[in-house]
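Engineer: Test case, fold it:
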Amino acid sequence: MLLSSTSNRFDSFVQLLTVLLIFIFVLALTYFFTKLTAGLQKGRLAGSNVEVMETFKIAPTKYIQIVKIGKKYFSYVVCKDTVTLLGELTDDDISNLDKAETSPAINLNFKDIFDKFRKQ
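Structural biologist: The predicted structure is shown next:
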């Protein structure tokens, strides 16, 4: 009786350890595939002539974006299901656009966002 109780505890411990190892393996696999996919997307967009210069949120699912296509600037309203051209902008309309000035949600990585919420 005592021997079977010890055996059951050992089997339970081995099962727990196995489940934890599988969980860690799946997390690692997910991490590496996410990094791989992000790298492929970044490489694909690197030589593109289309660049989002600035994004401004006007509602939960509505944004105004300034997009540089070639050497011209355009402003768009991006909604959940539609994208509407507002018009073409001239160089005089654009005031010191820099990639660092884009929407904060786009530039922040997970660590920055997590630190921001942790401070609150």
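
Engineer: When you work out contacts or count neighbours from here on, use the C-alpha atoms and nothing else.
Structural biologist: Noted.

Engineer: Let me see the ranges of the helices in the protein.
Structural biologist: Here the chain has its helices, by DSSP state H, at 2-45, 104-107, 110-119.

Engineer: so which of the ones you listed gets nearest residue 70?
Structural biologist: Among those, helix 2-45 comes nearest to residue 70, with 13.7 Å by C-alpha to C-alpha.

Engineer: so what does that closest one touch, helix or strand wise?
Structural biologist: Contact here means 3 or more C-alpha pairs under 8 Å, 6 or more residues apart in numbering; DSSP states H and E; on that basis helix 2-45 packs against no helix or strand.

Engineer: Compare the helices of the chain and report which one is nearest to residue 64.
Structural biologist: With C-alpha to C-alpha as the measure, helix 104-107 is the member of the helices of the chain nearest residue 64 (13.8 Å).

Engineer: Pairing partners for the longest strand along the chain, with directions?
Structural biologist: Secondary structure of the chain per DSSP state E: the longest strand is strand 50-59. Strand 50-59 has the following strand partners under DSSP bridges: strand 62-69 (antiparallel).

Engineer: related to what we said a few turns ago, next, the angle helix 2-45 makes with the longest strand of the chain.
Structural biologist: Here strand 50-59 runs at an angle of 120 degrees relative to helix 2-45 (axes from the mean of the first three to the mean of the last three C-alpha atoms, to 10 degrees).

Engineer: pLDDT averaged over strand 50-59 - what is it?
Structural biologist: In this model, strand 50-59 carries a mean pLDDT of 88.
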